[in-house]
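Q: Sharing a model prediction with you, sequence too.
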Amino acid sequence: MSDLKLGLAQGYWSAGPNPNFVEMAQEAENLGFDSVWSAEAWGNDAFTPLCWIGAQTKKIKLGPAVVQLSGRTPTSCAMHALSLDYLSNGRFQLGLGVSGPQVVEGWYGRPFPKPLARTREYIDIIRQVFARQGPVTNDGPHYPLPYNGEDGMGLGKPLKSIVHPLRDRIPIFMGAEGPKNIALATEIADGWLPLFYNPYDESVYDQSLTNMKPDFEIAQMVTVNVTDDIENALLAVKYYMSFYIGGMGAKSTNFHKDLFIRLGYEEEAEKIQQLFMEGKRDEAARVLPDELVDAMSLVGPKDRIKDRLQAWRDSKVTTLLVATTDKDMLRTIAEIF
């Protein structure tokens, strides 16, 4: 795919926001980047930074990667989306994901089971709000509209958005890792936000992407580091990846670890999780094979990155989301692409 687009991934905050996050988005826009993406975990929300950026940019698309389903009701999420789409003059695209049981039940206080069924209902309701063809209703068990629970008053009635959305179909991307969830994305969403992707071996996703529509988008975050020190650049990526495999999930339920097992690295994934749980994060990171980490990132001198970009251009990925807080690096990346 020769028309690979670029996006800026700003992620979620740590102790606070990156002080130049608006300037980075403005620079990305000036350099011709297609989109900028925020994120949320259990601190900042994903919508507010995009409002700040949207008010100070003109062309670049705005997207959360991702908004967590359990953090808002579907209609509340739709209200955020249609408001941002209006205020940005049609630049918004909605990234949604279920997160994991530790966050859903530990932070939001909601049950995690049946994530696919919840996602299907959630997106259907949002589509109804955007389309504004009639009052929004849902008979499903997860988000009944009107509410029909025994603890209610029974006075709810179907409502239609007061606001006439600027667009009746705002693009929806799904963050997904499991095979069934990815397949669901191709069915009900406009795009997919993978967490890890190997452009040299896409076979693990073949079955899930069987029904992918011709205009389906895949926006993949990738580490791009222009440097002569490939070894240390790969090590930095290993720390990031091992954190997800070993630390972002429970021992019995970790979707990131499951993905690496499907990729053929079961022994490494098990070892990483064990070392991580023992507090040996440095050892855990070094378990990841250089070849795999190198395939999933773009590190090294400019010419090396240019050569390795071809694998991404030939893949199903339509947008590469790069994460950096350095303007010079952003300019270098744009030059390479």
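A: Looks like it came in fine.

Q: how near is the closest residue to Gly154 other than its chain neighbours to Leu155?
A: Taking Cβ to Cβ, 6 or more residues apart in numbering as the measure, Gly154 lies nearest to Asn148, with 7.6 Å between them; neighbours along the chain are not counted. Using the backbone N, CA and C atoms, a C-beta is placed for each residue, glycine as well. Taking Cβ to Cβ, to the nearest Å as the measure, Asn148 and Leu155 are separated by 11 Å.

Q: More neighbours: which of the two?
A: When Asn148 and Leu155 are compared on other Cβ atoms under 10 Å, the one with more neighbours turns out to be Asn148, at 10 against 7.

Q: got the phi/psi numbers for that one?
A: Dihedral pair for Asn148: phi -130, psi 20, per degrees, to the nearest 10.

Q: Could you do Val287 as well?
A: Here is the backbone geometry of Val287 (degrees, to the nearest 10): phi -70, psi -30.

Q: I'd assumed Tyr265 was in contact with it.
A: No. Counting by Cβ atoms under 8 Å, no contact exists between Val287 and Tyr265, whose distance comes to 9.2 Å.

Q: Looking at these two, which one has more neighbours?
A: The residue with more neighbours, out of Val287 and Tyr265 and counting by other Cβ under 10 Å, is Val287; that gives 22 against 19.

Q: Got the domain ranges for this structure?
A: Structural domains assigned to the chain are 5-223+308-336, 228-300, following automatic domain parsing.

Q: Make JSON lines from these and add mean pLDDT to it.
A: What follows is the domains of the chain, written out as JSON lines (pLDDT from 0 to 100):
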{"stretch": "domain 5-223+308-336", "mean pLDDT": "97"}
{"stretch": "domain 228-300", "mean pLDDT": "94"}
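
Q: roughly how far apart are the residue nearest to Gly154 and Gly140?
A: Applying Cβ to Cβ to Asn148 and Gly140 gives a distance of 11 Å.

Q: how about the helices in the chain?
A: Using DSSP state H, the helices of the chain run over 21-30, 47-54, 74-87, 101-106, 115-131, 179-188, 230-247, 255-262, 266-277, 281-287, 290-295, 302-313, 327-336.

Q: Can you give the distance of the fourth one from its chain's centre?
A: Spelled out, it's helix 101-106. When C-alpha coordinates are averaged (Cα atoms, centre = their mean, to the nearest Å), helix 101-106 and its chain have centres 18 Å apart.

Q: ditto for the second one
A: Put simply, helix 47-54 sits 16 Å off its chain's centre (Cα atoms, centre = their mean).

Q: And for the first one?
A: Once both centres are worked out by Cα atoms, centre = their mean, helix 21-30 turns out to sit 19 Å from its chain's centre.

Q: Need the contact partners of it.
A: 6, 8, 10, 18, 36, 49, 52-53, 56-60, 324-325, 327, 330-331 (Cβ atoms under 8 Å, 6 or more residues apart in numbering).

Q: 10 Å instead?
A: For helix 21-30, the surrounding residues in contact (Cβ atoms under 10 Å, 6 or more residues apart in numbering) are 6-8, 10-11, 13, 18, 20, 33-38, 49-50, 52-62, 322, 324-328, 330-331, 333-334.

Q: That helix vs helix 327-336, what angle?
A: Taking axes from the mean of the first three to the mean of the last three Cα atoms, to 10 degrees, one finds that helix 21-30 is oriented at 20 degrees with respect to helix 327-336.

Q: Buried ones in helix 21-30, by neighbour count?
A: Buried residues in helix 21-30, defined by neighbour count with 16 or more other Cβ atoms under 10 Å: 21-22, 24-29.

Q: what's the residue nearest to the spatial centre of the chain in contact with, if anything?
A: With distances taken as Cα atoms, centre = their mean, the residue of the chain nearest its centroid is Ala65 (3.5 Å). Residues in contact with Ala65, defined by Cβ under 10 Å, 6+ apart, are 7, 9-12, 35-40, 46, 93-97, 173, 175, 193, 195, 219, 221, 321.

Q: Now with 7 Å, please.
A: By Cβ atoms under 7 Å, 6 or more residues apart in numbering, Ala65 lies in contact with 9, 37, 39, 95, 175, 193.

Q: right, and the helices of the chain - which one's nearest Leu166?
A: Leu166 lies closest to helix 74-87 among these, at 4.8 Å (Cβ to Cβ).

Q: The closest one vs helix 47-54, what angle?
A: With the same axes, to 10 degrees applied, the angle from helix 74-87 to helix 47-54 works out at 10 degrees.

Q: for helix 74-87, which positions count as buried?
A: Of the residues in helix 74-87, those scored as buried under the neighbour-count criterion (16+ other Cβ under 10 Å) are 74-75, 77-85.

Q: again with stretch 257-274
A: Within stretch 257-274, the residues that qualify as buried are 257-260, 263, 265, 268-273, counting by 16+ other Cβ under 10 Å.

Q: what's the answer for stretch 33-42, then?
A: Of the residues in stretch 33-42, those buried under the neighbour-count criterion (16+ other Cβ under 10 Å) are 33-40.

Q: ok, of the buried residues of helix 74-87, which one's closest to Gly300?
A: Within the buried residues of helix 74-87, the smallest distance to Gly300 is 37.2 Å, found for Leu84 (Cβ to Cβ).

Q: Phe92 is in contact with that closest one, correct?
A: Yes. Using Cβ atoms under 7 Å as the test, Leu84 is close enough to Phe92 to be in contact (4.5 Å).
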